[in-house]
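Asker: Would you be able to build a 3D model of this:
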Amino acid sequence: MTTFANRVLLAAKLNANLYEEVEADPTAMNQAMTIVVLSSVAAGIGSIQQGGLSGIFLGAIMALLGWLVWSYITYLIGTRLLPGPETQTSYGELLRTIGFSSAPGMVRILGIIPGLMTITFAVSGIWMLIAMVVAVRQALDYRSTWRAIGVCLIGWVIQALFMIIVFSLFGAPKVTN
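Answerer: Prediction:
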């Protein structure tokens, strides 16, 4: 069994075997949730000059909700709309792998260094999306990375539309210092 720190590093390195291991390990759910929270807290700290202290808490809550929503949307798309011949998974398996794909987001803490926030957030965002493609490919047992990319992009668009609707109905969250 790999330690938590090793799992985080392997996830960030886009190690496909780690994503297979996490998919098969139901006890990894707490670790996946911890990674999502640490990644969002790192983003909050990295952007503290814009979001203040309350941005850290709000960011963690929004990241957890986003993880749950995007994972479920991805699950539905990947198992109902675009399943591969070998696709056989549960929502929990996909939730764990996608949680681990947030590991590269921990580098967003470097955004606290003046002048590095924009580049750090851009690089980590792309890195996390690539990690999610690997996670989805492994969890849904796809042979094609292109299919995993398609599922992730469709899920992202649906989630973005959902968030736009929610924010238009209830207003964007207010962040104060």
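Asker: Report the distance from the biggest helix by length in the chain to the chain centre.
Answerer: Looking only at the chain and at elements set by DSSP state H, the helix with the highest residue count is helix 48-76. Chain-centre distance of helix 48-76: 9 Å, with C-alpha atoms, centre = their mean, to the nearest Å.
Asker: do stretch 83-93 as well
Answerer: Centre-to-centre, stretch 83-93 and its host chain are 18 Å apart (C-alpha atoms, centre = their mean).
Asker: So for it, mean pLDDT?
Answerer: Stretch 83-93 carries an average pLDDT of 92.
Asker: Flag every buried residue along that stretch.
Answerer: For stretch 83-93, the neighbour count (16 or more other C-beta atoms under 10 Å) marks Pro83, Gly84, Thr89, Gly92, Glu93 as buried. Backbone N, C-alpha and C define where each C-beta goes, glycine included.
Asker: Would you check which pair of those residues lies furthest apart?
Answerer: The distance between the two most remote of the buried residues of stretch 83-93 (C-beta to C-beta) is 19.1 Å, for Gly84 and Gly92.
Asker: Ile149 and Met132 touch, don't they?
Answerer: No. Taking contacts as C-beta atoms under 8 Å, Ile149 lies outside contact range of Met132: 9.6 Å.
Asker: which one of these two has more residues nearby?
Answerer: Legend: neighbour count by other C-beta atoms under 10 Å for Ile149 and Met132, higher for Met132 (25 against 17).
Asker: Now the more buried one. Nearest residue, chain neighbours left out?
Answerer: Ser101 (4.2 Å; C-beta to C-beta, 6 or more residues apart in numbering).
Asker: Please read off the pLDDT at that neighbour from the model.
Answerer: With respect to pLDDT, Ser101 has a value of 97.
Asker: same thing with Thr118?
Answerer: pLDDT for Thr118: 91.
Asker: Disregarding residues adjacent in the polypeptide, which is nearest to the spatially most central residue of the chain?
Answerer: Using C-alpha atoms, centre = their mean, the residue of the chain that lies closest to the mean C-alpha position is Ser102, 4.1 Å off. Spatial nearest neighbour of Ser102, chain neighbours left out: Ser39 (4.2 Å); criterion: C-beta to C-beta, 6+ apart.
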